[in-house]
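Visitor: Quick one, fold the following:
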Amino acid sequence: MASNGPQETFAAPTVLAAMLTMRSGDNEKKKVAVDYLGRFQKSKDAWTTTISILQNSTEAEAQLFAATTLKGKITYDLVTQISEADLPALRSQILLLLKKYAPGPKPVRVQLCVCLAILAIQMQSWKDVLPTVVSTLGNDVASHACILDFLRVLPEEVTEGRKITLSEEDLAQRTTELLADNAEQVVQLLVNYAQSSPAAATNPQLFDCISSWLREVPVSVIVNSPLMNAVMHGVADDKSLIAAADCLGIICRETKDVDDNLATIQTLLPRVLELRPRIQTLVDEEDTEGFKAITKVFADAGESWVLIIARQPQHFSPLVESLLECCARDKEREVIGYTFSFWYELKQYLTLDHYMEARVQLVDVYAKLVDIMLKQLEYPSSDNPNDLDLFDGDREQEEKFREFRHHMGDTLKDSCEVMGVAACLTKVHDAIKLWQGKHGSQATPTSVPQWQSLEAPLFAMRAMGRMVESHDSSVLPQIFPLLVQIPISNEKLRFAAIMVFGRYTEWTAAHPEFLEPQFQYIVSSFQTDSQEILRAAAQAFMYFCVDCKQLLGSQVIQLQTFYDQILDKLPVSSKEEITEGVAYVVGVQKTEDLYSLLKLYCDPLVQRLMVKANTATENKAKLDLADHINLITFFAQHVVPYIPSGTENPAVKYWQEVFPVLSTILDNFISFVPICERVCRSWRFMVISYRTAITPLLGPLANKLAEGFAQSKQGCFLWATSAILREFSEDREQVDEGITENIYVFFEAQATSVLRIMSDLPPIDLPDVIEDFYRLLIDALLYYPAKLIPSPLFTPIFQAAISSLALEKQEPVSAALHYLRDLLTYGGTNPAGSGTDLGPAGQQLRQIVKQLLLTQGEALVKQTLAGMMITFPRDCFADGSGVLLGMFELLPAETAQWVDRTVRMLPQGTITPAEADRLLVKIKEKLQGSDAANTRQIRVILQDFTNTYRRRYVAPRDGLGQLEATRFHFAG
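Guide: So this is what the prediction gives:
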């Protein structure tokens, strides 16, 4: 590559000085140093400089930096900067460095092992990798550590997809040569090492090595070799327990295809059960890490063998009992979480009719598990019954405990499915009665003794709520009268009771005799000052209103009084919840009462809105105003009466009165995005809820959306526009043709405004607008294809979509790709809106689309391929390949040519001409003949190619070159 001026040099002292600068506090100097080191890492000098630093530097940080840089050079620059003739010399240098760093530092040694592994993968002429490494490094103790590190990282580097510059075929061959062909030799090496000394037999590195090679070596070979004894001895030795237990767990996981590993499992089972006595020992010694390691082994074995446990529950019951013992002895709640997945997987089988016999045999295990969990769910105890800070101010520990309880709640649900809901609820009932019998009489208005043992079954009952059928009457009628007596003086108990009531509202709706005391308990809870109780009460209130709305209908007037009094006291999320709740209750009232009820509930909200709007000068007040607009929107969402066509809708009548207020607020706060979004959201729901009944508001609403977008350039106005486009499209019944025409004219005006903005600003400044614009266009194409496709805007919209594909943000790219995929279908005989009969116009639309693709298709192919190889977020790959498939279906020969030209534009050194030729040969093979399945296989070919390219290369260091997106310009 040509260079202007002298070539920059990178001597070791200068590089080390730049590295030292990185430690300083001077940000300007650090920035210069970062830029310098970045250029250094890309340069050819980096090869000799890093090796020089590794040979001469005595500072560990410099050594590690050099080793990491060398790893990057071998990964990304080996093919482009080192000739094949120089590879043996590089290999010799790394082997010498490995010998030097065999004693340590370990991080440098490991990085050098990774360097050698990546070199071995790419240096295809090197066939005797293992013998060379072993013989070169020697036979002393330090060299053994080095060899073990290399053996450990080699399978990881080969199989875990580092960016290697080999084709898929070459990589597959190299994988066979390095792993499969060496597996037997590696096992023998490890056996010899394990038998070489007692220290070697319990070296954690040995077990890490076995773990790494288990993917390549049949598990039966390890289990039936002397290495199995080494693993078991390692588990028995404190210094190697963690690594050996991890290795044993991986061995168990490798046997999860139980039918293929029956003999191996029968050999492994007694070896795993040998560990059971260690559970008690490790608990007594308070060895938490050891206890975790042993529990993980049992859990891995249980999860892997769960199918055969369900088939032979008696034979495997000692393993299940071992897991239960781990749970029971876990006083600090450190290990029980490792077993949750096992209980879930076992439940999945036991609840099938085929395994009913196993379910009967194991139901007692789940019953014991519920007893254990009811105890584990308890908050820590305290000498002071009023002390609610049970974690000594450690909020992290408290949050961890809460999260743990929710995971345990999932396992309680699993137990419910095995035991039956009634049996689980009976245990909850018994626990509540036990507390009442022991401590109920000692509870006072200010103190509740041993409240933890009452709160735990309440939490368990809440967790089981989803499992209870609304018609169930077995235990709940005995429990709910007890719950409304829960002392309200204890915040934790009150919170738990409220959450239970909120979870069982569907059951309460089917048993209305229990509604009133529960609802009163919730309503009275709003008098507290506790924010946590308020939030819980608001959530429960909403669930009661949603599920019991018919039962609460008679209280709609009283509810408004309560709602109006309590609203300003609540946090934002709770305001929204109780508002949504009362909106549901209003929504089921008689149609003739709805207008007056909307005025009763919403007029005070509108009054608050105007007061807030008049005083909102600071951002905080403006955000509060935006949140308040949301409250009005809930009524538009949920108060949706059925009104015959031609009859005035009472809800629309009311919203016509509110519309000027929202319009004025929008005008006054047009530069404040959250308010724009909330107003648009409110209007959008009005259109969605009332559909064509919103016609009286249509004119002023369209005007405000057009004005709002022109002034603010915010995508939310396009989002609201799409709702109008859908509801008043040509295929909707009872829509006047003149209105439909006006709506389309309104859409084109919006589209023109967007295109002007996209012409003025780069896509990176408009991600939200682009997303909302192309979501709007998907609707326009679906509902108005005969108007949009012949439109003068059709081509610039397409060009703008191609420009948008250069973004690296998922949402706008996905929206543009979805639009493009839909558009391509109109070039064929099965358009995306195939429910609409396009009639004779269909042929004309196909011609327009194909003509567009003939002139603009190469740009689309180029940008889509560049995205799939370099810039697209992962979730956009499928849509990208869908666009390319659509192009091949419509213009196969031209698209193949465009793909060829695009691939040849890739940055030099990232793909060989042979690889490009191979891709094109595969594509042309699939294009021969008329089988549509062959064309669809091109999509797979391109996905494989782009995935391989992406795996091998990061984004080009010097930009995308010829693949850079063309800037969109609009002259309309």
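Visitor: If you count neighbours, what's buried in the helix or strand Ala751 falls within?
Guide: Secondary structure from DSSP states H and E places Ala751 in helix 737-760. The neighbour-count check on helix 737-760 (16 or more other Cβ atoms under 10 Å) flags 740, 743-744, 746-748, 750-751, 753-759 as buried. C-beta coordinates here come from the backbone N, C-alpha and C atoms, glycine included.
Visitor: Same question for stretch 447-465.
Guide: 448-449, 451-465.
Visitor: cool, stretch 786-794 as well?
Guide: Using 16+ other Cβ under 10 Å as the test for burial, stretch 786-794 gives Lys787, Leu788, Ile789, Ser791, Leu793, Phe794.
Visitor: give the contact list for the first one.
Guide: By that I understand Lys787. Tyr744 (Cβ atoms under 8 Å, 6 or more residues apart in numbering).
Visitor: rewinding a little: among the buried residues of stretch 447-465, name the ones in helices.
Guide: Those of the buried residues of stretch 447-465 mapping onto helices are 452-464, per DSSP state H.
Visitor: need those in CSV with pLDDT, can you?
Guide: Shown next, in CSV, are those (pLDDT from 0 to 100):
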residue, pLDDT
Gln452, 90
Ser453, 91
Leu454, 92
Glu455, 92
Ala456, 94
Pro457, 94
Leu458, 94
Phe459, 94
Ala460, 94
Met461, 94
Arg462, 93
Ala463, 92
Met464, 92
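Visitor: Closest to the centroid, which residue in this structure?
Guide: Asp875 (11.1 Å; Cα atoms, centre = their mean).
Visitor: Could you give the number of residues near the closest residue to that residue other than its chain neighbours?
Guide: Excluding the flanking residues, the one nearest Asp875 by Cβ to Cβ, 6 or more residues apart in numbering is Gln810, at 5.2 Å. Using other Cβ atoms under 10 Å, Gln810 has 15 other residues around it.
Visitor: how far away is Gln810 from Phe541?
Guide: Gln810 sits 37 Å away from Phe541, going by Cβ to Cβ, to the nearest Å.
Visitor: what are the ranges of the helices in the stretch 701-850 of the chain?
Guide: 716-727, 737-760, 767-783, 785-788, 794-804, 810-825, 841-866 (DSSP state H, counting those that start in this stretch).
Visitor: on that earlier part again, relative to helix 767-783, how tilted is the helix holding Ala751?
Guide: Using axes from the mean of the first three to the mean of the last three Cα atoms, to 10 degrees, the direction of helix 737-760 lies 150 degrees away from that of helix 767-783.
Visitor: Kindly provide the whole-number mean pLDDT of helix 737-760.
Guide: Average pLDDT, helix 737-760: 89.
Visitor: What lies in contact with it?
Guide: Helix 737-760 is contacted by residues 695, 698, 702, 705-706, 709-710, 713, 717-718, 721, 724-725, 728-730, 766, 769-770, 773, 776-777, 780, 784, 787, 791, 793, 796-797, 800, 803-804, 968-970, 972 when judged by Cβ under 8 Å, 6+ apart.
Visitor: do the same with stretch 169-179
Guide: Ala120, Ile121, Gln124, Lys127, Val129, Leu154, Pro155, Val158, Thr159, Ile164, Leu166, Glu216.
Visitor: Dihedrals phi and psi, the last one?
Guide: Which is Glu216. phi -110, psi -30 (degrees, to the nearest 10).
Visitor: Could you measure from it over to Glu156?
Guide: 11 Å.
Visitor: With the fifth one instead?
Guide: Counting by Cβ to Cβ, the gap between Val129 and Glu156 amounts to 15 Å.
Visitor: Between those two, which has more neighbouring residues?
Guide: A count of neighbours by other Cβ under 10 Å puts Val129 above the other of Val129 and Glu156, at 21 against 13.
Visitor: quick one: the more buried one and Asp181 touch, right?
Guide: No. Using Cβ atoms under 8 Å, Val129 makes no contact with Asp181, being 9.8 Å away.
Visitor: Once you drop chain neighbours, what's closest to Asp768?
Guide: Gly715 (4.3 Å).
Visitor: for that neighbour, phi and psi?
Guide: Here Gly715 shows phi and psi, under degrees, to the nearest 10, equal to phi -70, psi -20.
Visitor: If you tally nearby residues, what's the number for it?
Guide: Around Gly715 there are 25 residues (other Cβ under 10 Å).
Visitor: 5 is where my numbering starts, stick with that
Guide: Fine by me, first position is 5 from now on; the one you just mentioned is Gly719.
Visitor: which residues touch it?
Guide: Asp772, Val773, Ile774, Glu775, Asp776, Phe777.
Visitor: can you put those residues in JSON lines and add pLDDT?
Guide: Output for the contacts of Gly719, formatted as JSON lines (pLDDT from 0 to 100):
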{"residue": "Asp772", "pLDDT": "93"}
{"residue": "Val773", "pLDDT": "94"}
{"residue": "Ile774", "pLDDT": "95"}
{"residue": "Glu775", "pLDDT": "95"}
{"residue": "Asp776", "pLDDT": "94"}
{"residue": "Phe777", "pLDDT": "94"}
